[in-house]
Structures are given as C-alpha cells and as structure tokens.
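> Give me a model of this one.
(4 chains)
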Number of protein chains: 2
Amino acid sequence: MPVVEAVEEKVCRSYRSPVTDRPVRTDGRRRVGIVDVARRAGVSVGTVSKALNGRGQLRDETRARVQAVAHELGFVPSAVAASLLTGRTYTVGLIMTDHHGRFSLPVLHGAEDALGWGETLALVCDTRDDPIREQHYVRSLIRRRVDGIIVAGRRTDPRPPLGGRPPVPVVYAFARSSDAADCSVVVNEEAGAREAVEHLIRTGRRRIAHVTGPRGHASVRTRVDGTRHALHEAGLELVGEPWYGGWSEVWGRFAAAALTRSHPDVDAVFCGSDAIARGVADGLRECGRRVPDDVALVGVDNWQPTAEGCRPPLTSVDLNLQEVGRTAGALLLRAIEYGAAPGIHTVPCRLVVRASSAPASG
Amino acid sequence: MPVVEAVEEKVCRSYRSPVTDRPVRTDGRRRVGIVDVARRAGVSVGTVSKALNGRGQLRDETRARVQAVAHELGFVPSAVAASLLTGRTYTVGLIMTDHHGRFSLPVLHGAEDALGWGETLALVCDTRDDPIREQHYVRSLIRRRVDGIIVAGRRTDPRPPLGGRPPVPVVYAFARSSDAADCSVVVNEEAGAREAVEHLIRTGRRRIAHVTGPRGHASVRTRVDGTRHALHEAGLELVGEPWYGGWSEVWGRFAAAALTRSHPDVDAVFCGSDAIARGVADGLRECGRRVPDDVALVGVDNWQPTAEGCRPPLTSVDLNLQEVGRTAGALLLRAIEYGAAPGIHTVPCRLVVRASSAPASG
DNA sequence: GTGAAAGCGCTAACAA
DNA sequence: TTGTTAGCGCTTTCAC
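Residues are numbered from 1 along each chain as shown, chains lettered A, B, ... in the order given. So this is what the prediction gives:
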C-alpha cells in the first residue's frame, strides 16, 4: 500500500477543536500542506522538505518537479511547525515605551533592516511606560518563543532591566540597561553636543549659549558636558549658565527673550532639542535678532517636521536612531546565534547642517 | 514502568539540529516543558494541560498542586506548540506604509487595545510604500500563520488590495481598499471638515477661506466638499477658491500672505492640515492680523507638537486614528472568529478646540 | 537518490 | 477524576 494513503487513513481520526478556535480561511479552501505536495508530486514528504529547502541529495529533476508542484498548489510552508522542531521562530519582540514613537519608530526601522526584511519579524509591544504592562508583554513574548527581545527606550537615562529573567537574549536600545552585564546600544550624545559646538566655533561664533531641557534628564547633563568640553578645548567659556527648562517651543521662546536681555552679545545658541531651537528662533526674531546673521542656532533630534518648518531651517544633531536600531538588531541576531555580547555599544551622532548656522554675514 | 521514564527514554533518540539553529538560552538552563511539570507534580501531561488551562474535570487540590509546581519550575507553555494544534497563533500582521508612523502608530495603538494587550500580538512590517516589499512581508506573515492582517495606509486614497490572496482576513485601516468586497475602516473626513466650518460659523465667522494640500489627494477633495457643504447649509460662500498647495508650513505662510492681499476681509481660515495652519498663523501675524481676534484658524490632524507649538495653540480636527485602529482590530478579531464583515466602516472625527478659534473679540 | 519514521511540545478525545 | 494516546505540519536521520 502506498504511503500516502496510509497517511490519509490516519487523518480520518483527526483532531477537531471548537469551530471558533480555528481561524477562518477567507477563501474557504483547506490549507495545502506538505503532504498534498508530496502526493501530487509522487514523492515522500521528506523529499518535498529537502527539495524546498535545498538540502540533502536530490536529483535536479525531482527538485524542480517538487518546486513546480508546490508553486502550482500555492503551498506556503508553516513556520509554526518548523519552529516547533528547530526551536527558532525567527521572530523577536520589540518593546517600545514611547507612545508617540518618535524614538522607537526609527529604532524599529533600523532593526527591520538588520533583521533582513522579513527573515525575522518583530512582534511590537507598546508598554506606554507602564512596568506592569511591560511584564505582561514579556510573558506574552516568551510564550510565543521569540528568539530575542529589543527594548527601545524613550529617554537616555539607564532603565531597570526587563523583569522575569527572559530566557532569551535582550538588547536595550537608546536607553541602556542599568545592569552593566546587559547588552545596550546608545547614542554618543556627548560627542554629538561637542560636534555641534565645534561647528559653531568653526563658523566663527564665540559667544555661545546653551538652552536645554529639564535638569533631571541624563541627556541634558551629557549635552551640557559635551558643550562645556568643546568650548573649553577652544579656549572659550559658555555664555552664562546653561538654561534649563522644558523641551517645548514655549520654553525656547521664553529663553530667547531672557537671553537677549541678559547677554545681548550672544552670537550662537546650542539648543537641547529641535523644539526648543524653534522656539528660540522665533523668540530671537521677535527680539530683532536675525538668524543666522546675528545668532546661529543648532538643535538636537533632526526631526524633519520641526527642523524643516523652522525659519530658517535648522541645523541639528541627528541621533542616528535608525543606526541604533540596526546595531541593536545585528547584536541581537549575533547573540541569538553565538551567545550574548554584553556591554554598552555606542553609535555616533551626525550633524546635519542647514541654514540656521550659516557663518555670520559680518 | 512509570510513563515518565518511558518518555525519557524516547527523548534519548532525540532530534539534533545544527547548533546555530537553536536559540541561545541566556541562562543556560534547558527550557522546562510540560513533561517536567507533570513528572514533578506526579501527574500526567494531560492533567497538567487541563490544570493550567482551566479545562476538564480536576480535583481542586490537583489543579492547585500542578499550578504551584508549574510556577515553581517557571514553566511558560509554548504558544508555538499550541498553535500547531489549534491552528491559531494569536498573532496578526500589521502592515504600515508610512515611514514616519504619523498615521500608522496611532492605528497600531488602537489595534493593540482591541487585541487585548498581548492576548493577540502584532507582527509589524514597514513596507516604506514599496509593493515588492509589501508582497514579501505578506508571504512572511502567511508563513508564520498569522490569524489576520491589518493594513494601515498613509493617505486616504483607496489602495489596491494586498496581493497574493492572503488566506486570512484582512482589514484596511485609514486608507480603504479599492475593492469594495474588502473590509476597510476609514475616517469620516467630510463630516470632520463640516464640523470645523460649522464651529467657525457658530463662533461668529462669516468670511471663511480654505487653504489646503495638493489637488490630487482624496483627503483634499473630501475636505473641500465638507467645507462647501457646511457653508452652503449656513447660506454662506467660500471666500475665493480653495487654495491648493503643499502640506507644509511654508505653503501656509505663503498662502496667508496671498490671501490677506486678495481677500483682506477674511475672518477665518480652515486649513487642510496642522502644518499648513501653523504656517498660516505665522503668515497672518506677519501681515498684521491677530489670531484669533481678526482671523480664526482651524487645522486638521490634531498633531500635538504642531498644534500646541502653534501661536496661539491650534483648534484642530482630530482624525481619531486610534479609534480607527481599535475598530480595525475589533473587526479583524470578529472576522477571524466568525467570518469577514466586508464593507467600509466609518469612524467620526473629533474637533479639539483651542485658542486659535476663540470668538472674535469684536 | 528516495522513503520511512521519529519526534518538536502541546491539546483533547477517549479509556480506565 | 486521571492517564493514555493520537496527532498538529514539518525536518532530519537512517535504512534502502
């Protein structure tokens, strides 16, 4: 008796779950499996598997015939079944913590690049910065046997590591883990700030101020350090103290007014974010200063809508988040295949020069 | 001979795949399976399954003991194995086409709500609006046996349906499918525009202009229609023709200048987007018009950074994208369990009133 | 070069 | 109430 019929007999006493538990096939057809292909091609399932995966020793003619039949039948092999056997799902979890996605999305895009465009896919979870939800999602991911997890932060302050001791590699992106034994990918913000200020100095500015966000943020401290460092190297001093405030345009406008009053000779402002810089640009203009003729401006984030809506368009430090995601994805794949590479991996920033920092006309 | 030992024997001749094909467990421990729990609790695997899933008839004491053991051993059941059996993966695909995520992200968030916070997870694919990539991702999703697919558009123009005839339900969100037999969730933009204009009329405006985006966009046409409709109902006419242009602030600024020149008596502008509205706000101010005292302003998108950075903060039509996502998620779940609900499902907009449309001081 | 068969880890029918 | 067993759809070893 041919094997395929024996298989068919077995199927008769098949598993029947409640109807609602089976996904509805929109086309009504039964899903074609490897058995169907085997039967149609007149070979065994083992041969089909080998033919389709390019493994084993097969006659070219057989391989071709099987492939043709598979294509004709519209056979799409089940990754679920393969996973059960190989232990890999070619799926990773991506945990994002920022609701608006300004930081996580570029990270996701970069990760997608590294994960090979569908080779490995990302299960995306938005925790809205809630640890309970995060825990919940991690469990969900582990149940689904993801091969690894990327955690995309929304601030650069170190964050506590994922709870529940996930049994798969984890890479932290943008916000590093507070545990040094974890693997994190961060942006070199200090260097970014330095580059921004060096650019201002190189284009002839000497009286440089710094308007930035809330004191408590690691980013703010790091950028202040970078700024001071660059100025110091050039034998200059910051004009006044750093102006700490919010991340908003309103704060930028306010700061610009205060700044022109207290330091009328300022000829450049390095801002902690593009939003702040936009506010400063508007504020300066309303105080009668021309940008960039009288005062040059550099922001941070290089966030298209803000940087290009600004008048004039804003020179900005790009945080290279896509590269962060790419690195995180690559590190995760490496960790999955060859074991974890703990430590903090740093990605450089990139200064994008636009009109707001053109050399002074004078 | 006890059963568990027989099981153990079987395991000896177990499958061995190349090392690199097995995910690395960060903790080195072997993954604990249902068999381990069964052995430790002194029951059979069937009993463990029933105990953990709350099914079947079990003594309370047994159920409790099994649960305790499972917890103690840190057992996390494999959704992969369960999927193979039940045919459901509790995973859906989410295809986004807009790189920046301004439209897709809120849709994702809404979908997450509907998908029950991890009950069902989303495999997110960013096609960058490339049909080849889209096709590729769809195949990837089908291989992984997702239960369904949500396609989040980036424009409201109807889009061609997903290629490859996916054998699972598909719901189109924001951009509807051009095939009426598909299931789509869209925003009622016409009503949104009408509401915006009615709001302006209600607050005493009579000379209303419309500055909007490129002629080719469905959104633009729909919003023009809504605007005209609302004005007509109030016995009014649009001031001049609609001003078609880009979606940018620059265009808004330019249009404001032109508008005040050609129609100096204009007392309100309904703009096709928040970016345009911001540009118009700046442009008007620079032409000596006060917002909202002389001219009221309403935008579309209610995009936080733009709407709240605007001076004054911008009244805006919120496209309710999160609700679109929620509806899409709910419809998809329904389609998965009970069969598709084809047709176009409409979600209303929501006017968010801020300072830019306060009643005229006069 | 190809076929047969043993599972991957779980669920549910059925037997005890 | 609990145990036994047959698969879900695939991959790989091993025998032919």
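> if I pick A:F75, what's in contact with it?
Counting by C-beta atoms under 8 Å, 6 or more residues apart in numbering or on different chains, A:F75 touches A:32-34, A:36-37, A:69. The way it works is simple: take the backbone N, C-alpha and C, and place the C-beta from them, glycine included.
> show me where the stretch 1-150 of chain A has helices.
Applying DSSP state H, counting those that start in this stretch to the stretch 1-150 of chain A gives helices spanning A:3-12, A:34-41, A:45-53, A:60-73, A:79-86, A:104-114, A:131-143.
> Among those helices, which comes closest to A:H217?
helix A:104-114 (17.4 Å; C-beta to C-beta).
> which parts of the closest one are buried?
Across helix A:104-114, burial judged by 16 or more other C-beta atoms under 10 Å in any protein chain shown covers A:104-112, A:114.
> Need the helices of the stretch 1-150 of chain A in a markdown table (columns: mean pLDDT).
Below are the helices of the stretch 1-150 of chain A laid out as a markdown table (pLDDT from 0 to 100):
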| stretch | mean pLDDT |
| --- | --- |
| helix A:3-12 | 34 |
| helix A:34-41 | 93 |
| helix A:45-53 | 93 |
| helix A:60-73 | 93 |
| helix A:79-86 | 94 |
| helix A:104-114 | 95 |
| helix A:131-143 | 95 |
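> thinking again about what came up before, any chance of TSV for the contacts of A:F75, columns distance to B:A256 and neighbour count?
Shown next, in TSV, are the contacts of A:F75 (distance: C-beta to C-beta, whole Å; neighbours: other C-beta atoms under 10 Å in any protein chain shown):
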residue	distance to B:A256	neighbour count
A:V32	61	16
A:G33	63	17
A:I34	65	18
A:D36	65	18
A:V37	65	25
A:V69	65	20
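> which pair in those residues spans the largest distance?
A:G33 and A:V69 (12.7 Å).
> Tell me the pLDDT of the residue in the stretch 151-300 of chain A that chain B sits nearest to.
Here the stretch 151-300 of chain A gets closest to chain B at one residue, A:E249, 4.3 Å apart by C-beta to the nearest C-beta. pLDDT, A:E249: 94.
> low-confidence ranges in chain A?
Chain A contains residues with pLDDT under 70 at A:1-24, A:361-362.
> need the strands for the stretch 151-300 of chain A, in chain order.
For the stretch 151-300 of chain A, applying DSSP state E, counting those that start in this stretch gives strands covering A:170-173, A:183-187, A:208-212, A:243-244, A:268-271, A:296-300.
> quick one: which of those strands is nearest DNA strand D?
Using C-beta to the nearest atom of the strand as the measure, strand A:170-173 is the one of the strands of the stretch 151-300 of chain A that comes nearest DNA strand D, at 26.2 Å.
> which other residues reach the closest one?
Residues contacting strand A:170-173 (C-beta under 8 Å, 6+ apart): A:107, A:111, A:148-153, A:159, A:161-162, A:177, A:182-185, A:324-325, A:327-328, A:331-332, A:335, B:26.
> Can you select the buried ones among these for me in ChimeraX?
For the buried members of those, the matching ChimeraX selection, counting by 16+ other C-beta under 10 Å, is:
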select /A:107,111,148,149,150,151,152,153,159,161,162,177,182,183,184,185,324,325,327,328,331,332,335 /B:26
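> Quickly list the domain ranges of chain A.
Domains of chain A are assigned by automatic domain parsing as A:3-85, A:90-187+A:321-347, A:189-319+A:352-357.
> Same list (these) but as TSV, adding distance to DNA strand D.
TSV is the format used below for these (distance: least, C-beta to the nearest atom of the strand, whole Å):
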stretch	distance to DNA strand D
domain A:3-85	3
domain A:90-187+A:321-347	12
domain A:189-319+A:352-357	40
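> Compare those domains and report which one is nearest to B:G279.
B:G279 lies closest, by C-beta to C-beta, to one member of the domains of chain A: domain A:189-319+A:352-357, at 7.8 Å.
> Report how many residues lie close to the closest residue to chain B within the stretch 251-362 of chain A.
Per C-beta to the nearest C-beta, A:G309 is where the stretch 251-362 of chain A lies closest to chain B, at 4.3 Å. Burial of A:G309 is recorded as 24 neighbouring residues (other C-beta atoms under 10 Å in any protein chain shown).
> wait, what's in contact with the single nearest residue of the stretch 1-150 of chain A relative to DNA strand C?
Nearest residue of the stretch 1-150 of chain A to DNA strand C (C-beta to the nearest atom of the strand) works out as A:G46 at 2.7 Å. Listed by C-beta under 8 Å, 6+ apart, the contact set of A:G46 is empty.
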